[in-house]
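Asker: only geometry, no sequence info:
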């Protein structure tokens, strides 16, 4: 499904345009306030197909700034301007206000390659792929669910596999997965309804007090994958905020009660928990170990570091990217130029995403920005200095420890990892943090 950024200051028009763009053109609409807000998103989601924007928002030359940004970045997003914009009139479609939604929809459909017979006909229904892990923690769905069977080149048949009234459990889903199935398909008109249903069920489950530790870890791991996917596809919407909040609270609870590292590793490996969540959970756990040795430790410190652990790699697409912990490793990797750019900027881009999260305070953003030793969140510092926030230093040591532990090519013994940390991080405050970890593993 295509994605469209809409910048419209009139709330009533925003609702009308959004509803009709989704209904008739079949595009997901992402709201942004101004050019700067939209450009931050485009740096993370350069595949956005269409931008519909007011010519000006306040004193900002919104359309002009976006047009220049698209040219400078070499992005292929189409641009439609609402309102007269003389400087762009010869290059860009500018619709004179007031703009009827019918005209806007027809122009959007044309740019997105959707054929409309008339403005009252909906786009022909199709299906939206959903990873199988969306089904791990639900026992029913609010709609029918399909699998896709290939009949020939570019020819697929969608076969119903789960009815809206069926009851199932995780073992039923795992059977499909064991047969090689990676995704189910949901009718396009139900996808928002379905994702909201799954999110609400996960939040409700994570807030239960009677979950076993193992079930809590697995459910939180599943929720973490869903949040990552939602953010990478659509940005941080309210559903992702709600699910991330419940997940982080659950992670804090499970970290406090986690088994020793060796037993925890056996559990997450045997249950095929994703590398992304293995890293996130172990990172929060190591931070907890260090914090527990500090005289200044408060409960809010664990909550801050757990929040940062949850979101630290949220923009990265692959395990290979997530394993990078130094500039040397990055330059020696086989990543593409775009993948390298994503790794270099992932801390600063994660902070941009958290600007949309109401619970992300300045402490959280500061620690996340400094999570690789750089004050601006770009790149890696091999031996970070003393000018970082104390919680950032704890995070940096814990992150390096966990990435070494999870890398099969590097030492996995805790006593072997600690000397590596001592050699790399030579400044006094970092040595004290390593000493705190050493006391935990003596």
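Answerer: Perfect, I can see it now. Just so we're clear, the structure is a prediction, and the values are computed from it rather than from any experiment. Numbering: from 1, shown residues only.

Asker: Enumerate the positions of the lengthiest helix in the chain that are buried.
Answerer: The single longest helix within the chain, with elements called by DSSP state H, is helix 213-234. By 16 or more other Cβ atoms under 10 Å, the buried positions in helix 213-234 come out as 216-231, 234. All C-beta atoms are positioned from the backbone trio N, CA, C, and that covers glycine.

Asker: Can you give the distance from the helix or strand hosting residue 243 to the centre of its chain?
Answerer: Assigned by DSSP states H and E, residue 243 belongs to helix 238-256. Centre-to-centre, helix 238-256 and its host chain are 14 Å apart (Cα atoms, centre = their mean, to the nearest Å).

Asker: and the next element down the chain from it?
Answerer: Once helix 238-256 ends, the next helix or strand along the chain (criterion: DSSP H and E) is helix 261-270.

Asker: Okay, and the beta partners of residue 184?
Answerer: Beta-bridge pairing of residue 184 under DSSP bridges involves residue 130.

Asker: dump the residue contacts of it.
Answerer: For residue 184, the contact set (Cβ atoms under 8 Å, 6 or more residues apart in numbering) comprises 129-130, 132, 134-135, 145-147, 161-162, 176.

Asker: pLDDT at it, what is it?
Answerer: In this model, residue 184 is scored at 93, pLDDT.

Asker: likewise the one 5 residues further on?
Answerer: Each residue has a pLDDT score; the one for residue 189 is 82.

Asker: Distance-wise, check it relative to residue 283.
Answerer: 39 Å (Cβ to Cβ, to the nearest Å).

Asker: So the two - more neighbours on which side?
Answerer: residue 283 (26 against 16; other Cβ atoms under 10 Å).

Asker: now the helices for the stretch 101-250 of the chain?
Answerer: In the stretch 101-250 of the chain, helices defined by DSSP state H, counting those that start in this stretch lie at 101-111, 170-178, 191-206, 213-234, 238-256, listed in chain order.

Asker: List only those of the contacts of residue 184 flagged as buried.
Answerer: In these, the ones that pass as buried (16+ other Cβ under 10 Å) are 130, 134-135, 145-147, 162, 176.

Asker: Same list (those) but as JSON lines, adding pLDDT and distance to residue 4.
Answerer: Shown next, in JSON lines, are the buried ones among the contacts of residue 184 (pLDDT from 0 to 100; distance: Cβ to Cβ, whole Å):
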{"residue": "130", "pLDDT": "88", "distance to residue 4": "21"}
{"residue": "134", "pLDDT": "92", "distance to residue 4": "24"}
{"residue": "135", "pLDDT": "95", "distance to residue 4": "28"}
{"residue": "145", "pLDDT": "95", "distance to residue 4": "27"}
{"residue": "146", "pLDDT": "94", "distance to residue 4": "26"}
{"residue": "147", "pLDDT": "93", "distance to residue 4": "29"}
{"residue": "162", "pLDDT": "95", "distance to residue 4": "30"}
{"residue": "176", "pLDDT": "92", "distance to residue 4": "33"}
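
Asker: and of those, the nearest to residue 79?
Answerer: residue 130 (30.7 Å; Cβ to Cβ).

Asker: Mind listing residues that contact stretch 222-229?
Answerer: Residues outside stretch 222-229 that contact it (Cβ under 8 Å, 6+ apart): 131, 133-134, 136-137, 198-199, 202, 206, 240, 243-244, 246-247, 250, 274, 276-277, 280, 310, 314.

Asker: So among those, which ones count as buried?
Answerer: 133-134, 136-137, 198-199, 202, 206, 240, 243-244, 246-247, 250, 274, 276-277, 280, 310, 314.

Asker: Give the buried residues for the lowest-mean-pLDDT helix or strand in the chain.
Answerer: One helix or strand of the chain scores below all others by mean pLDDT, DSSP states H and E: helix 11-20, with a mean of 79. Within helix 11-20, the residues scored as buried using 16+ other Cβ under 10 Å are 13, 17-18, 20.

Asker: biggest separation within those, which pair?
Answerer: The widest separation within those (Cβ to Cβ) is 10.8 Å, between 13 and 20.

Asker: From the contact counts, what lies against the least confident helix or strand of the chain?
Answerer: Counting contacts by 3 or more Cβ pairs under 8 Å, 6 or more residues apart in numbering; DSSP states H and E, helix 11-20 packs against strand 3-7, strand 28-31, helix 101-111.

Asker: Not counting its own residues, what contacts that helix?
Answerer: So helix 11-20 is in contact with 6, 8, 29, 31, 52, 101, 104-105, going by Cβ under 8 Å, 6+ apart.

Asker: Go through those residues and say which is closest to residue 263.
Answerer: Nearest member of these to residue 263, counting by Cβ to Cβ, is residue 31, at 45.4 Å.

Asker: Hmm, the closest one is touching residue 9, no?
Answerer: No: judged on Cβ atoms under 8 Å, residue 31 makes no contact with residue 9 at a distance of 10.7 Å.

Asker: okay, the helices and strands packed on helix 11-20, which one's buried deepest?
Answerer: When you average the neighbours per residue for each of those (mean count of other Cβ atoms under 10 Å), strand 3-7 leads with a mean of 23.

Asker: still on that earlier bit, the least confident helix or strand of the chain vs helix 101-111, what angle?
Answerer: 50 degrees (axes from the mean of the first three to the mean of the last three Cα atoms, to 10 degrees).

Asker: Just put the buried residues of helix 11-20 in JSON lines and tack on distance to residue 353.
Answerer: Output for the buried residues of helix 11-20, formatted as JSON lines (distance: Cβ to Cβ, whole Å):
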{"residue": "13", "distance to residue 353": "26"}
{"residue": "17", "distance to residue 353": "24"}
{"residue": "18", "distance to residue 353": "21"}
{"residue": "20", "distance to residue 353": "28"}
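
Asker: Which parts of the protein are strands?
Answerer: 3-7, 28-31, 50-54, 78-82, 93-95, 127-131, 145-152, 155-162, 183-187 (DSSP state E).

Asker: Compute the inter-axis angle for the first one and helix 213-234.
Answerer: In this case it means strand 3-7. Using the same axes, to 10 degrees, strand 3-7 lies at 70 degrees relative to helix 213-234.

Asker: For strand 3-7, give the mean pLDDT please.
Answerer: Rounded mean pLDDT across strand 3-7 is 91.

Asker: how far off strand 50-54 does it point, in degrees?
Answerer: 10 degrees.

Asker: Could you pull up the residues touching the spatially closest residue to residue 96 that is not a sequence neighbour?
Answerer: Distance criterion Cβ to Cβ, 6 or more residues apart in numbering; nearest residue to residue 96, sequence neighbours excluded, is residue 84 at 6.1 Å. With contacts defined as Cβ under 8 Å, 6+ apart, the neighbours of residue 84 are 55, 94, 96-97.
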